[in-house]
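1. Okay, sequence plus prediction incoming.
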Amino acid sequence: MFKIKGYKVRKASLFLASALISASSFAQNAPIKLMVGFPAGGGTDAIARVIGEQLSKNLGNPVIIENRAGAGGQIAAQALKTAPADGSVLFLSHDHTISILPLINKKAGYDPQTDFVPVAGFASFANGIALSGDLKETTLDQFIQSVRSAQQGKAAIGVPAPQSVPEFLVKVLAARYKLDLIAVPYKGSAPMIADMLGKQIPAGVASVPDFIEFQKAGKLRMVAVMGTQRQAALPDTPTFAELGIKGFEDLPFYGIFAPKGTPKATLERYSDALKKVLEIPDVQQRLVGLGLTVDYMPSQTLSERERTYSKNWARIIAESDLAPK
C-alpha cells in the first residue's frame, strides 16, 4: 500500500515538474503577442514598437506587435478578454480604451476591473489640438477668431475615435467659444492626420505622440495641450489651463495589460523587464521624443491610477452634456 501511494506521489510530482518545465519553456522561448488597438503608423503603434523591441531583448522572447484597430481600441480589448491567460498575449493601451470607453459604452464587451490585470504602466502623455501647417493661424485664439469670422462659426475638427477625450475636448471648446465645432471621428490618428495634411480638415485633437513627428517636420502645429505644465517635447506650446480652459489638467497614461488569471510570477517578470527597459537612456530619449513623460508604475500603482482617472472622468461626464444618450 505504501509503495502504491509512493508511486502515485512520484507520478504526481513528475506531472507537476513537466508542467513547470512547460511553463519555463514558454517564458524562455515562446513569442509574446503585444496587441495595439490602433492602426500601424500612429503614435500608439510607434510607442509599442519601441517598447516591444527592447522587451524582446530583455525577456529573450520574440515580441510581435499585432494591430487590432477599430472602435477606439475596443476590438483589441475584446480580444484580450478571450486570450489565453498564460502570458502569451498582452495589450498596450492608453486611457481611452481602459478608462473612458467602459464609462460611455454599456456594450463595450469588457470590464477592465474584472477581465484584465495591469502588468505595469510606463508613461503619461497629453492630448492637444493641432492645426494644419498650411493655415496662417499660429495660435488657438487666432484659429477660433478665424472660425468665427471667416467660417461663420462652423468648423470640422478631427478626433481619432468617437466618444473619446478628444471628442469631449472639441465639445468643451465649442461650448466655451459658442461655435459650431463638429468632432469628426476617425479609426485612429493616422487617417485623421492624413486628412489634415490633405487639407480635408483644418484641425484635429489627439495625443502629443500622434502629432509630434509632424510637428517637428512643420506639417502640423500644436497650439494647446492638456496638463498643468508644458510638455518637454513642446516647450513653446501652452496648456489649455494657461489659456483659461479648465478641466483638462489630469494627464492620461499608457500601460500594458494581460488577461485576468495570468500567473503572478509571469506578470512580475514582465513588469520587472519593462522597468529595466525604461531605464535604458536610448529608450527614454525615444519615448520623450514621441511626446511621452516616462513614468514606470508597478501593477498596483497603475491599477490605482486607472481607478482614480475613471472616477474623475465619470464625474466630468455626469456633470456635463457629454454623457451618452
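-> That came through fine.
2. Which helix or strand in this protein has the lowest average pLDDT?
-> Least confident helix or strand of the chain, by mean pLDDT, DSSP states H and E, is helix 2-29 with a mean of 44.
3. could you point out which element follows that helix?
-> With elements assigned by DSSP states H and E, the helix or strand that comes after helix 2-29 is strand 32-36.
4. Okay, now the sheet partners of that following strand, with direction.
-> Here strand 32-36 is paired, per DSSP bridges, with strand 63-67 (parallel), strand 89-94 (parallel).
5. contacting residues around that strand?
-> Strand 32-36 is contacted by residues 44-45, 48, 51-52, 55-56, 59, 61-69, 76, 79-80, 83, 87-93, 256 when judged by CB atoms under 8 Å, 6 or more residues apart in numbering. To be clear about C-beta, it is placed using only N, CA and C from the backbone, and glycine gets the same treatment.
6. Could you dump the strands paired with strand 32-36 into JSON lines and include mean pLDDT, mean neighbour count and distance to residue 283?
-> What follows is these, written out as JSON lines (pLDDT from 0 to 100; neighbours: other CB atoms under 10 Å; distance: least, CB to CB, whole Å):
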{"stretch": "strand 63-67", "mean pLDDT": "98", "mean neighbour count": "16", "distance to residue 283": "14"}
{"stretch": "strand 89-94", "mean pLDDT": "97", "mean neighbour count": "25", "distance to residue 283": "14"}
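7. any chance of the ones you listed in TSV, with distance to residue 296 too?
-> Output for the strands paired with strand 32-36, formatted as TSV (distance: least, CB to CB, whole Å):
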stretch	distance to residue 296
strand 63-67	18
strand 89-94	14
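8. Might one say that residue 290 is in contact with residue 48?
-> No. If you go by CB atoms under 8 Å, residue 290 and residue 48 don't touch, sitting 10.8 Å apart.
9. Who has more neighbours out of the two?
-> residue 48 (27 against 21; other CB atoms under 10 Å).
10. ok, the nearest residue to residue 73 once chain neighbours are set aside - how many residues close by?
-> Leaving aside its chain neighbours, residue 73 sits nearest to residue 37 (2.8 Å; criterion: CB to CB, 6 or more residues apart in numbering). Per other CB under 10 Å, the neighbour tally for residue 37 reads 31.
11. Give me the pLDDT for residue 37.
-> Residue 37 carries a pLDDT value of 95.
12. Could you do residue 189 as well?
-> Among the per-residue scores, residue 189 holds a pLDDT of 89.
13. was I right about it contacting residue 46?
-> No. Residue 189 lies out of contact with residue 46 (CB under 8 Å); the separation is 10.4 Å.
14. Spell out for me which residue occupies the centre of this structure.
-> In the chain, the residue lying closest to the centroid (CA atoms, centre = their mean) is residue 94, at 2.0 Å.
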